[in-house]
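A.B. asks: Any chance you can model this:
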Amino acid sequence: MERPLNLSCFADTTPDTGNRSGSSAGPDGGRTPLSVFSVLVLTLLAMLVVATFLWNGLVLATIFRVRTFHRVPHNLVASMAISDVMVAALVMPLSLVHELSGRRWRLGRLLCQVWISFDVLCCTASIWNVTAIALDRYWSITRHLEYTLRTRRRISNIMIALTWALSAFISLAPLLFGWGETYSENNEECQVSQEPSYTIFSTFGAFYLPLCVVLFVYWKIYKAAKFRIGSRKSNSITPITREGLEVKEAAQQPQMVFTVRHATVTFQTDGDTWREQKEKKAALMVGILIGVFVLCWIPFFITELINPLCSCDIPPIWKSIFLWLGYSNSFFNPLIYTAFNKNYNNAFRNLFFRQH
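C.D. replies: This next block holds a predicted model:
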């Protein structure tokens, strides 16, 4: 019988029936020593887990302690940091244990269900939080007159609520509605439900739909930026004044006579305005955030689409690489956002100085 394929984006946890490089389980079921390369890889993964947790925790601590950050768009950043810190604290460590166990699950049914549920919840919330930030930047750039602070706060709160509600529904659907099984004691498997209908629903809701949204948003931001640059060039007025104002002083009359010859007025702005610079910076930040998001997650999804189409078996090592590449997006998110905001750098310094 053909082994069922895992179509989920969250954790490809299908165990291997044979030996593979770097596995800790021998042919007789015993433990085999890890190679130097495997130890190095696992050490790097452990460092990634710690760094993801610490960096997102630092962003959350800064937002909660600095009063000026208690507003939009920092509530969206806080929501993203919460989902990413949960990935680092609740998902990645058990995934690391799963890799150490030769991709076999020996921690029981209950912990398996908890791990899978948090895996789907946190990864989906992280992806949709990136989408919410992109939408917020798009509206603030293209509709800055209508997108007032009050409107922005209301919409951002709605997006945060919808993000977590949708993520929770996708993650709990198998448990609530019996939509497939996540744990197999005989095969020592712990994986996202393989029910085809749930696979389509979860992957579309967790990745493909937000991917379409962020790509459409960035395309609209790019068009708006091109239109603004073009309109700015067409509105410039050139000729420059040739002779200016000629002032003649009357000798016999106690008054000044002003004669204007060929006077023209030139309106020119050297450099970008403050709003244009802010919009360019926001557009660049959104572009990098979306680009890293796509690069981190799309290899895994391409793999999951190739498997059922060509019935080919992707080597387990590549499945693990694509899975952890997706997890690494939770590490890059706060780095990208804070790199484009000087206020965070100043807040980080103040936070450390106060602690010391």
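A.B. asks: Hmm, Ala161 and Ala125 touching each other?
C.D. replies: No - look at Ala125 against Ala161 with Cβ atoms under 8 Å: they stay out of range, at 11.5 Å. Where C-beta positions appear, they are placed from N, C-alpha and C, glycine not excepted.
A.B. asks: Show me which of those two is the more surrounded one.
C.D. replies: Ala125 (28 against 11; other Cβ atoms under 10 Å).
A.B. asks: Work out for me the element that one sits within.
C.D. replies: For Ala125, the host element (DSSP states H and E) is helix 109-142.
A.B. asks: Going by neighbour count, list what's buried in that helix.
C.D. replies: Buried residues in helix 109-142, counting neighbours by 16 or more other Cβ atoms under 10 Å, are found at 112-113, 115-142.
A.B. asks: With stretch 89-108 instead?
C.D. replies: Neighbour counts using 16+ other Cβ under 10 Å place 89-96, 98-105, 107 of stretch 89-108 among the buried residues.
A.B. asks: what packs against the helix holding Ala125?
C.D. replies: helix 74-86, helix 92-100, helix 149-177, strand 183-184, strand 189-190, helix 209-234, helix 274-310, helix 329-339 (3 or more Cβ pairs under 8 Å, 6 or more residues apart in numbering; DSSP states H and E).
A.B. asks: of all the ones you listed, which lies closest to Leu44?
C.D. replies: helix 92-100 (10.8 Å; Cβ to Cβ).
A.B. asks: For Leu295, see how far away the residue nearest to Ala168 when sequence neighbours are not counted is.
C.D. replies: Excluding the flanking residues, the one nearest Ala168 by Cβ to Cβ, 6 or more residues apart in numbering is Leu121, at 6.0 Å. Note on Leu121: its distance to Leu295, by Cβ to Cβ, to the nearest Å, is 23 Å.
A.B. asks: For the residue nearest the centre of the chain, which residues are in contact?
C.D. replies: Nearest to the geometric centre of the chain sits Val130, at 4.0 Å (Cα atoms, centre = their mean). Residues counted as contacts of Val130 (Cβ atoms under 8 Å, 6 or more residues apart in numbering) are Met80, Pro210, Val214, Leu289, Ile290, Phe293, Asn333.
A.B. asks: now swap in Asn329 and tell me
C.D. replies: Contact analysis of Asn329 by Cβ under 8 Å, 6+ apart lists Ser126, Val292, Phe293, Cys296, Trp297.
A.B. asks: That one and Asn187: what is the separation?
C.D. replies: Taking Cβ to Cβ as the measure, Asn329 falls 30 Å from Asn187.
A.B. asks: Could you list the low-confidence segments of the stretch 101-250 of the chain?
C.D. replies: Low-confidence segments of the stretch 101-250 of the chain, defined by pLDDT under 70: 225-250.
A.B. asks: ok so, going back, out of the helices and strands packed on helix 109-142, flag the one nearest Ser320.
C.D. replies: Among these, helix 92-100 comes nearest to Ser320, with 6.4 Å by Cβ to Cβ.
A.B. asks: re the thing from before, relative to Arg65, which of the contacts of Val130 is nearest.
C.D. replies: Nearest member of the contacts of Val130 to Arg65, counting by Cβ to Cβ, is Met80, at 17.8 Å.
A.B. asks: Tell me how many other residues crowd that closest one.
C.D. replies: Neighbour count of Met80, defined by other Cβ under 10 Å: 28.
A.B. asks: how about Ser330, what does it touch?
C.D. replies: Taking Cβ under 8 Å, 6+ apart, we find Ser330 in contact with Thr52, Asn56, Ser83, Asp84, Val87, Ala88, Ser126.
A.B. asks: and of those, the nearest to Thr43?
C.D. replies: Using Cβ to Cβ, the contacts of Ser330 come closest to Thr43 at Thr52, 15.0 Å.
A.B. asks: Give me the average confidence score over whatever helix or strand the closest one lives in.
C.D. replies: Using DSSP H and E, Thr52 falls within helix 36-65. Taken as a whole, helix 36-65 has an average pLDDT of 92.
A.B. asks: What about the closest residue to Phe53 other than its chain neighbours, how many residues nearby?
C.D. replies: Spatial nearest neighbour of Phe53, excluding adjacent residues (Cβ to Cβ, 6+ apart): Ala88 at 3.8 Å. Counted with other Cβ under 10 Å, residues neighbouring Ala88 total 23.
A.B. asks: cool, Arg349 as well?
C.D. replies: Neighbour count of Arg349, defined by other Cβ under 10 Å: 10.
A.B. asks: So that it lines up with my notes, have the first residue be 116 from now on.
C.D. replies: Taking 116 as the first residue, the last one we looked at is Arg464.
A.B. asks: how close does it get to Val245?
C.D. replies: Applying Cβ to Cβ, the value for Arg464 to Val245 is 27 Å.
A.B. asks: one step back: surely the residue nearest to Phe168 is in contact with Ala161?
C.D. replies: No - contact criterion Cβ under 8 Å: Ala203 and Ala161 do not qualify, at 11.1 Å.
A.B. asks: in the helix or strand harbouring Phe316, what counts as buried?
C.D. replies: Under the criterion of DSSP H and E, Phe316 resides in helix 311-318. Within helix 311-318, the residues that count as buried by 16+ other Cβ under 10 Å are Tyr313, Thr314, Phe316, Ser317, Thr318.
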